[in-house]
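Enquirer: Would you be able to build a 3D model of this:
(chains A and B)
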Amino acid sequence: MIDLLIGPGVAATLVKIAVVLGVVMTVVGNIVLVERKVAGWIQDRIGPNRAGPWGLLQPLADGIKFIFKEDVIPGQAFKTLYMVAPVLSLTTALTAFAVIPFADKFVILGRQVAPIIADLDVGLLWIFAVASMGVYGIVLAGWASNNKYSLIGGLRSSAQMISYELSMTLSVVGVLMAASSLRLADIVNAQAGSVWNAVSQPIGFLVFMVSAFAETNRLPFDLPEAEPELVAGYHTEYSGIPFLMFYMAEYANVILSSSLMVLLFCGGWHLPLIEPMLDSVSPAMAGLAHLGIFSLKLGAFLFLYIWVRWTLPRFRYDQLMGLGWKVMLPLALINVVWTAFIILAGWI
Amino acid sequence: MTPRELMFYADAIVAVMTAAVVVLNRNPVVCALSLVLHLCSVAVFFLLLDASFLFAVQIILYAGAIMVLFLFVIMLLDPAGEGVVGRTGRIQVSVAIASAAVLLLGAAKLVPALAAPDQAAQPAAEFGQVMSVGRLLFTSYLFPFELASILLLVAMIGAMHMGKKGESE
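Expert: Numbers count the residues shown, from 1 in each chain, chains lettered A, B, ... in the order given. Predicted structure coming up:
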């Protein structure tokens, strides 16, 4: 693991980092536009259509607006932590992408390419480790703003994220048992050999999906920033670039959990009927096809995220905690027992 | 000096400095955050030993889960972050000197190993990997492991009992 920093191949890693960062940031910028368009359709409106054709330049306009806004720091705020908090949020959200494999290893122009930055043997744990650091960004933003709405938002979010992190981690245990590996590429290939984990472990998939929605603080779990009660929650005091960073971190987390759902439960870059056809084409073409399949699945989950946000109302706070501890946690445990059963019975 | 050694010393400096801040700073939130940084730098030591599993677990459990709860309690009890009033009496000073003496004695034991680093025990290739840690937990250390989980269960039930006490009265 440490060889990634000091071993050979550092140049290739740097190129991959640049590519992944560029792609993720572009998707983050455009998913905001997609979200507003879809929200418009769901609410029978048109959505943004002023900046460029079909509003395509809206992300650019938003970006420029954020850059030219004044960064306001409240007088009584703890300045260092106030500025560190958004950086922490965005950094952790982006760092997790280091272990996401976007396709299988493939040969292109005579070179073998692994479309992943760091192929760690503890890839999945890396994501959980980084995500657990991401909580600090929100907690610190709430505390350092020295504002009661921000503080309550920060506290709510930390309580919520700790609670749902438990059921999320437990729901993945079944996946690990099926693949007997923590490496994400191994988990995907194990599913290609049998059935998708979403089919063999439907309860685990459901728990993971609900917990992922809660972890990203999106509706129906956006209690940390419930407008009617808390103004905007932990980022009430933020403006300009620091606010933009929170915003980007939220969408980066949405993309991250969507890719996790694709990789862990929906077969990653494999598609049952297409797979035999890919054996006959060149390896480079097969690699690109894998990349395309992964992107399509990712897009479907991103759409689901937006769809749910504009369809479901918000939970009450005690309902949210009750759901996490009394429903999701036991269901995740049931999934572990169920997976053990189907492995012993030899069904997968 | 190899890159690995360079990283070790850089990390060691971070670890010692953050530990010092934990003790010296008067703002409890800053103390808790430097403890988080300290625990992360300890995780990097595991990484330098190629113990990737221990690295991840150290961050998830200590730097992530446990310290977030610490911070949570600190923020609830002292939201303004006014800081605690520290008192340094005779008892504290004598206890500090005594524990420093014990630690220095322990450090003296380590000096021969430091003088000859080549003779220091090298960790096995699978040290701190998922497989080896799991195997140890479920074979040699099964009994202590189960004992620790019962201890945690007892503590949890005790905490819930004490929390409920105020309600019934």
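Enquirer: Residue A:165 versus residue A:87, what's the distance?
Expert: Distance, residue A:87 to residue A:165, by Cβ to Cβ, to the nearest Å: 22 Å. C-beta: built from backbone N, CA, C; applies to glycine.
Enquirer: which of those two has more neighbours?
Expert: Shown here are residue A:87 and residue A:165; by other Cβ atoms under 10 Å in any protein chain shown, residue A:165 has more neighbours (22 against 13).
Enquirer: buried ones in the host helix or strand of the more buried one?
Expert: Under the criterion of DSSP states H and E, residue A:165 resides in helix A:148-179. Across helix A:148-179, burial judged by 16 or more other Cβ atoms under 10 Å in any protein chain shown covers A:149-179.
Enquirer: got the angle between whichever helix or strand comes after it and helix A:148-179?
Expert: Moving toward the C-terminus from helix A:148-179, the next helix or strand (DSSP H and E) is helix A:184-193. Counting by axes from the mean of the first three to the mean of the last three Cα atoms, to 10 degrees, helix A:184-193 lies at 50 degrees to helix A:148-179.
Enquirer: which secondary element of chain A has the worst mean pLDDT?
Expert: The weakest-scoring helix or strand in chain A, judged by mean pLDDT, DSSP states H and E, is helix A:3-6 (a mean of 64).
Enquirer: Any buried residues in the helix or strand following that one, and which?
Expert: Later in the chain than helix A:3-6, the nearest helix or strand by DSSP H and E is helix A:10-42. If you call a residue buried by 16+ other Cβ under 10 Å, then helix A:10-42 has these buried ones: A:16, A:20, A:24, A:27-29, A:31-40.
Enquirer: Need the max-distance pair from the residues you listed.
Expert: Taking Cβ to Cβ, the two most distant members of the buried residues of helix A:10-42 are A:16 and A:40; they sit 36.0 Å apart.
Enquirer: quick one: low-confidence ranges for chain A?
Expert: Residue ranges of chain A with pLDDT under 70: A:1-8, A:110, A:223-230.
Enquirer: what does it have sitting close to chain B?
Expert: The interface of chain A toward chain B, taken as Cβ under 8 Å from any Cβ of the partner chain, is made up of A:1-2, A:5-6, A:78, A:81, A:120-122, A:125-126, A:128-129, A:132-133, A:135-136, A:139-140, A:142-143, A:146, A:151, A:154-155, A:158-159, A:162, A:165, A:182.
Enquirer: Weed out the non-buried ones from the residues you listed.
Expert: Those of those that meet the buried threshold are A:1-2, A:78, A:81, A:120-122, A:125-126, A:128-129, A:132-133, A:135-136, A:139-140, A:142-143, A:146, A:151, A:154-155, A:158-159, A:162, A:165, A:182, by 16+ other Cβ under 10 Å.
Enquirer: who's in contact with residue A:231?
Expert: Shown in contact with residue A:231 (Cβ atoms under 8 Å, 6 or more residues apart in numbering or on different chains): residue A:149.
Enquirer: For it, give its distance to residue A:220.
Expert: 19 Å.
Enquirer: from the stretch 51-200 of chain A, which residue is nearest to chain B?
Expert: The minimum distance from the stretch 51-200 of chain A to chain B, using Cβ to the nearest Cβ, falls at residue A:132 (2.7 Å).
Enquirer: Quick check: closest non-adjacent residue to that residue.
Expert: Leaving aside its sequence neighbours, residue A:132 sits nearest to residue B:64 (Cβ to Cβ, 6 or more residues apart in numbering or on different chains; 2.7 Å).
Enquirer: Could you list the residues of chain B in contact with chain A?
Expert: By the rule Cβ under 8 Å from any Cβ, the part of chain B lying against chain A is B:3-4, B:7, B:29, B:33, B:36, B:47-48, B:50, B:52-53, B:55-57, B:59-60, B:63-65, B:68-69, B:71-72, B:75-76, B:79-81, B:129-130.
Enquirer: Report the buried members of the residues you listed.
Expert: Among those, those scoring as buried are B:7, B:29, B:33, B:36, B:47, B:50, B:52-53, B:55-57, B:59-60, B:63-65, B:68, B:71-72, B:75, B:79, B:81, B:129-130 (criterion: 16+ other Cβ under 10 Å).
Enquirer: Report the secondary structure state of the one residue sitting closest to the centre of chain A.
Expert: Geometric centre of chain A, nearest residue: residue A:256, 2.3 Å, by Cα atoms, centre = their mean. Following DSSP: H, G, I helix; E, B strand; the rest coil, residue A:256 is assigned to helix.
Enquirer: Once you drop chain neighbours, what's closest to it?
Expert: Nearest non-adjacent residue to residue A:256, counting by Cβ to Cβ, 6+ apart: residue A:96, 5.3 Å away.
Enquirer: Check residue A:311 too.
Expert: Closest to residue A:311 by Cβ to Cβ, 6+ apart is residue A:42, at 6.9 Å.
Enquirer: from memory the one you found sits against residue A:312, does it?
Expert: No. Here residue A:42 does not reach residue A:312: they are 11.3 Å apart, not a contact under Cβ atoms under 8 Å.
Enquirer: quick one, domains of chain B?
Expert: B:1-84, B:87-124 (automatic domain parsing).
Enquirer: Rebuild these as JSON lines, extending it with mean pLDDT.
Expert: As requested, the domains of chain B are exported to JSON lines (pLDDT from 0 to 100):
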{"stretch": "domain B:1-84", "mean pLDDT": "83"}
{"stretch": "domain B:87-124", "mean pLDDT": "76"}
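Enquirer: can you map out the helices along chain B?
Expert: Ranges of helices within chain B are B:3-24, B:28-48, B:52-57, B:67-77, B:90-115, B:130-138, B:142-168, based on DSSP state H.
Enquirer: ranking those helices by burial, who's on top?
Expert: Mean neighbour count (mean count of other Cβ atoms under 10 Å in any protein chain shown) peaks for helix B:52-57 among these, with a mean of 23.
Enquirer: how far is that one from where the chain is centred?
Expert: How far helix B:52-57 lies from its chain's middle: 14 Å, per Cα atoms, centre = their mean, to the nearest Å.
Enquirer: which SS state does residue A:120 fall under?
Expert: From three-state DSSP, the assignment for residue A:120 is coil.
Enquirer: quick one, what contacts residue A:245?
Expert: By Cβ under 8 Å, 6+ apart, the residues touching residue A:245 are A:86, A:87, A:89, A:90.
Enquirer: which among those residues gets closest to residue A:46?
Expert: residue A:90 (31.1 Å).
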